[in-house]
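S.K.: Compute the structure for the input listed below.
(one chain, ligands or ions: 2)
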Amino acid sequence: MREYSIAAIPADGIGPEVIAAGIRVLEALETRLGDVKFNFKSFDWGSNYYKKHGVMMPADGLKQLKPFDAIYFGAVGAPDVPDHITLWGLRLPICQGFDQYANVRPTKILPGIKSPLRDVGPGDLDWVIVRENSEGEYAGNGGRVHRGLPEEVATETSVFTRVGCERVLRFAFRLAQSRPRKHLTVSTKSNAQRHAMVMWDEIAEQVSKEFPDVTWDKTLVDAMTVRMTLNPKSLDTIVASNLQADILSDLAGALAGSLGVAPTANIDPERRYPSMFEPIHGSAFDITGKGIANPVASFWTAVQMLDHLGEQDGAARIMRAVEKVTGAGVLTPDVGGKNNTKDVTDAVIDAIHSSN
Ligand code: ATP
Ligand code: MG
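M.R.: Ligands and ions are numbered 1, 2, ... in the order given. The predicted model follows:
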């Protein structure tokens, strides 16, 4: 029996709904395979915890998480707690504390789901965006003086290190190499940001020499939005800085039909710490408690988690089950369907049980 310990942090909004659905699917996989076991432990951290304790997670939170094989994360954010508190109180400390420097965001159009792009269907858009996840524009470096006064000044200084750029670019080239098209697009803004972004370009050039079988190109981030929209087939693997890739991956999610299907993996490629798997979407309080949240992003990120744990067969089985269900038109309202979270989850579980 192969056993994995998984820390579940459902947190806020629809997080608990989609994580509960994902755990049901992983338990169905256990039953189907018979030789794998997931030991879940749930943590009640998040905005409700903050309202009781004044912090999003306990001071020794990272120490508690460290022994786990992986972290399965829901969403953070609440209407009555400022966003920078929820984000910097829970999600970012885990990403940065566990040096999950590669954030991997696959995007493709699933069967049965419509892209807002004309003449683009399943197979036409199949990307993986790699987001630098440890520094750059989100280094948290800056300050404010003369708060609220006319002379107020605020700074938010990006920090790019050679080590940080090199390791994420190497990760992206390696990922591109593992995909059939072996193509990487490096997004920068090196025409306007003439220090760090130029260094990023230079390092890309250097790292590319280690991967002679990978073709690659560079596109400025503004032109990237045009290329993604007008020429999606020209892209495969994409790498960009923390902020740029954040924006590009929301666009990617929308072009693939809904934020509700987009997953993300925060990876420590050196495996010193647990990696963290979550839907891209946030807490979505407008639909919280209604039972209609799309659980597909949560299932897809479970697929990423299994891949990372070395359970490729289980990962492929869940992905095939999801594609079968979306293809059969069992869809939540955000992707034009009439089904609820439970219908989609039950259908995916049935498809796992009947998979061969
Ligand atoms: P946060 O502040 O935590 O980012 P949010 O309220 O901005 O949360 P998001 O999750 O970022 O919400 O998504 C924006 C909108 O997209 C939501 O308000 C919701 O209507 C829709 N949405 C997001 N995820 C899902 C999902 N899984 N299923 C259905 N609709 C979703
Ligand atoms: Mg949001």
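S.K.: can you tell me which helix or strand D313 belongs to?
M.R.: D313 is located in helix 312-327, with elements delineated by DSSP states H and E.
S.K.: Against which helices or strands is that helix packed?
M.R.: Under the contact criterion of 3 or more Cβ pairs under 8 Å, 6 or more residues apart in numbering; DSSP states H and E, the helices and strands touching helix 312-327 comprise helix 15-33, helix 296-309, helix 341-353. (C-beta placed from N, C-alpha, C; glycine too.)
S.K.: Name the helix or strand of this protein that has the lowest mean pLDDT.
M.R.: Taking mean pLDDT, DSSP states H and E as the measure, the chain has helix 83-86 as its least confident helix or strand, at a mean of 87.
S.K.: now what about it, what contacts it?
M.R.: When contacts are taken as Cβ atoms under 8 Å, 6 or more residues apart in numbering, the neighbours of helix 83-86 outside the stretch itself are 12, 46-47, 50, 56, 76-78.
S.K.: can you give me how far that helix is from the chain middle?
M.R.: From the chain centre to the centre of helix 83-86 is a distance of 18 Å (Cα atoms, centre = their mean, to the nearest Å).
S.K.: burial measure for the residue of the chain found nearest ligand 1, as a count.
M.R.: Closest residue of the chain to ligand 1, Cβ to the nearest ligand atom: G282 (2.1 Å). Counted with other Cβ atoms under 10 Å, the neighbours of G282 add up to 18.
S.K.: How is it assigned, secondary-structure-wise?
M.R.: When the structure is reduced to helix, strand and coil (DSSP: H, G, I helix; E, B strand; the rest coil), G282 reads as coil.
S.K.: just the helices and strands packed on helix 312-327: most buried one?
M.R.: The highest mean neighbour count among the helices and strands packed on helix 312-327 belongs to helix 296-309 (a mean of 25), with neighbours defined as mean count of other Cβ atoms under 10 Å.
S.K.: That one vs helix 15-33, what angle?
M.R.: Using axes from the mean of the first three to the mean of the last three Cα atoms, to 10 degrees, one finds that helix 296-309 and helix 15-33 are set 50 degrees apart in direction.
S.K.: got a list of contacts for helix 296-309?
M.R.: Applying Cβ under 8 Å, 6+ apart, the set of residues contacting helix 296-309 from outside is 4, 6, 18-19, 21-22, 25-26, 69-70, 72, 74, 104, 106, 110, 259-265, 267, 275, 277-281, 312, 314-316, 318-319, 322, 326, 332, 344, 348.
S.K.: Report the angle between it and helix 341-353.
M.R.: Taking the same axes, to 10 degrees, one finds that helix 296-309 is oriented at 40 degrees with respect to helix 341-353.
S.K.: where exactly do the strands run in the stretch 1-150 of the chain?
M.R.: 2-11, 36-42, 70-75, 102-108, 126-132, 142-145 (DSSP state E, counting those that start in this stretch).
S.K.: Kindly reformat those strands as a markdown table containing mean pLDDT, distance to ligand 1 and mean neighbour count.
M.R.: As requested, the strands of the stretch 1-150 of the chain are exported to a markdown table (pLDDT from 0 to 100; distance: least, Cβ to the nearest ligand atom, whole Å; neighbours: other Cβ atoms under 10 Å):
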| stretch | mean pLDDT | distance to ligand 1 | mean neighbour count |
| --- | --- | --- | --- |
| strand 2-11 | 98 | 9 | 20 |
| strand 36-42 | 98 | 20 | 16 |
| strand 70-75 | 98 | 5 | 26 |
| strand 102-108 | 96 | 14 | 23 |
| strand 126-132 | 97 | 16 | 24 |
| strand 142-145 | 96 | 22 | 10 |
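S.K.: pLDDT at the most centrally placed residue in the chain, what is it?
M.R.: When the chain is reduced to its mean C-alpha position, the closest residue under Cα atoms, centre = their mean turns out to be T264, at 1.5 Å. At T264, the pLDDT value in this model is 96.
S.K.: picking that back up, just put the helices and strands packed on helix 312-327 in a markdown table and tack on mean pLDDT and distance to G142.
M.R.: As requested, the helices and strands packed on helix 312-327 are arranged in a markdown table below (pLDDT from 0 to 100; distance: least, Cβ to Cβ, whole Å):
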| stretch | mean pLDDT | distance to G142 |
| --- | --- | --- |
| helix 15-33 | 98 | 29 |
| helix 296-309 | 98 | 31 |
| helix 341-353 | 98 | 40 |
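S.K.: Distance to L169 for these - can I get that in a markdown table?
M.R.: Output for the helices and strands packed on helix 312-327, formatted as a markdown table (distance: least, Cβ to Cβ, whole Å):
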| stretch | distance to L169 |
| --- | --- |
| helix 15-33 | 31 |
| helix 296-309 | 20 |
| helix 341-353 | 35 |
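S.K.: okay, these in JSON lines with distance to ligand 1 next?
M.R.: Shown next, in JSON lines, are the helices and strands packed on helix 312-327 (distance: least, Cβ to the nearest ligand atom, whole Å):
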{"stretch": "helix 15-33", "distance to ligand 1": "6"}
{"stretch": "helix 296-309", "distance to ligand 1": "6"}
{"stretch": "helix 341-353", "distance to ligand 1": "8"}
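S.K.: on that earlier part again, got a list of contacts for the helix holding D313?
M.R.: 25, 29, 32-33, 36, 110-113, 296, 299-300, 302-304, 306-307, 335, 344, 347-349, 351-352, 355.
S.K.: Can you mark which positions in the least confident helix or strand of the chain are buried?
M.R.: Neighbour counts over helix 83-86 (16 or more other Cβ atoms under 10 Å) mark 85-86 as buried.
S.K.: still on that earlier bit, hang on, the residue of the chain closest to ligand 1 packs against A75?
M.R.: Yes. At 5.1 Å, G282 counts as touching A75 under the criterion of Cβ atoms under 8 Å.
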